[in-house]
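A.B. asks: sequence plus predicted model, see below.
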Amino acid sequence: MHTLIQRLGLVETLRAELTWLMASMVIAEFFYKFHSFTLECVAFMATWYALSRIAAAAQGLMCRLIR
């Protein structure tokens with residue numbers, strides 16, 4: 001996370017990830033009940049990564065379709 005903020009800056013990092021961070025928090029809060037803090041953190045991070053990756057792929061696809 002430090003490297004990402006250092007490379008992009010805080011504003012760009014928030015612009016790119018805040019939506020997916022919040023969505024992941026909501027999903028984790030409602031659906032992840034593993035009774036283990038560590039497992040819930042890992043699942044939250046995996047969800048955040050997956051949502052962010054799907055959004056990046058969709059954005060790339062949209063850019064290719066527009067051209």
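C.D. replies: Arrived safely. Numbers count the residues shown, from 1 in each chain.
A.B. asks: only C-alpha atoms for contact and neighbour calcs from this point on.
C.D. replies: Fine.
A.B. asks: show me the contact partners of the helix or strand where residue 29 lies.
C.D. replies: Using DSSP states H and E, residue 29 falls within helix 10-31. Contact with helix 10-31 is made by 4, 5, 40, 43, 44, 45, 47, 48, 51, 52, as judged by C-alpha atoms under 8 Å, 6 or more residues apart in numbering.
A.B. asks: what of stretch 39-48?
C.D. replies: By C-alpha under 8 Å, 6+ apart, stretch 39-48 touches 20, 21, 23, 24, 25, 28, 32, 33, 34.
A.B. asks: and the second one, how many neighbours does it have?
C.D. replies: Which is residue 21. For residue 21, the tally of surrounding residues (other C-alpha atoms under 10 Å) stands at 19.
A.B. asks: do you know how far it is from residue 48?
C.D. replies: 6 Å (C-alpha to C-alpha, to the nearest Å).
A.B. asks: go on, the fourth one?
C.D. replies: In this view, residue 24 and residue 48 are 5 Å apart by C-alpha to C-alpha.
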